[in-house]
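> predicted coordinates and the sequence they were generated for:
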Amino acid sequence: MERRRALRRFVGAGEPLATARLRTGGQLRILDASSWGALAETTERLLPGRHLDVHIVSAQGRMLVRSRVARAFVARLEADAIHYHAALSFDRALDVRADGYVMPAVLAAVETDRGTRYPLREFAGDIEFTERLSA
């Protein structure tokens with residue numbers, strides 16, 4: 001029986017959505033996401049039922065979203081770290097599409113100057129000295 005409110009999708013490593021940060025400073029790596037939640041990997045110990053504020057970049061831009069840890073478990077053990085997988089349930093729906101990330105209006109309105117080609121004059125092939133070199 002499917003209990004999810006929305007379809008989830010895999011989040012690629014190069015996407016802005018792939019990394020998130022807790023308000024307390026902990027780093028999250030988002031593995032998959034839906035509009036109502038995400039599966040994240042972290043070295044922070046997140047207990048089920050805990051409420052978190054997560055800084056996330058979605059198609060709506062950078063935002064702080066209130067979340068609840070639905071479940072968590074140890075995913076991997078290393079000599080110096082314990083990695084957890086935590087299922088986060090968002091308090092509101094987010095747009096987590098893979099395309100269409102928002103660009104700030106300030107950057108979108110700026111005209112980019114293409115500049116001039118370098119070098120300004122044609123390359124002759126040989127180095128020409130204008131001064132006589134002394135020994």
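Perfect, thanks for sending it.
> C-alpha only now, for contacts and for neighbours.
Will do.
> gap between stretch 82-90 and the chain center?
How far stretch 82-90 lies from its chain's middle: 16 Å, per C-alpha atoms, centre = their mean, to the nearest Å.
> same deal with stretch 34-50?
For stretch 34-50, the distance to the chain centre is 16 Å (C-alpha atoms, centre = their mean).
> what comes up buried for that stretch?
Residues of stretch 34-50 classed as buried: 34-44, 46 (neighbour count, 16 or more other C-alpha atoms under 10 Å).
> show me what secondary structure element comes after the helix or strand residue 65 falls within.
Per DSSP states H and E: residue 65 is located in strand 61-77. Using DSSP H and E, the helix or strand that follows strand 61-77 in sequence is strand 82-90.
> what does that following strand contact?
If you take C-alpha atoms under 8 Å, 6 or more residues apart in numbering as the criterion, strand 82-90 is touched by 36-46, 65-77.
> not counting sequence-adjacent ones, nearest residue to residue 21?
Counting by C-alpha to C-alpha, 6 or more residues apart in numbering, residue 21 lies nearest to residue 27, which is 4.7 Å off, once chain neighbours are set aside.
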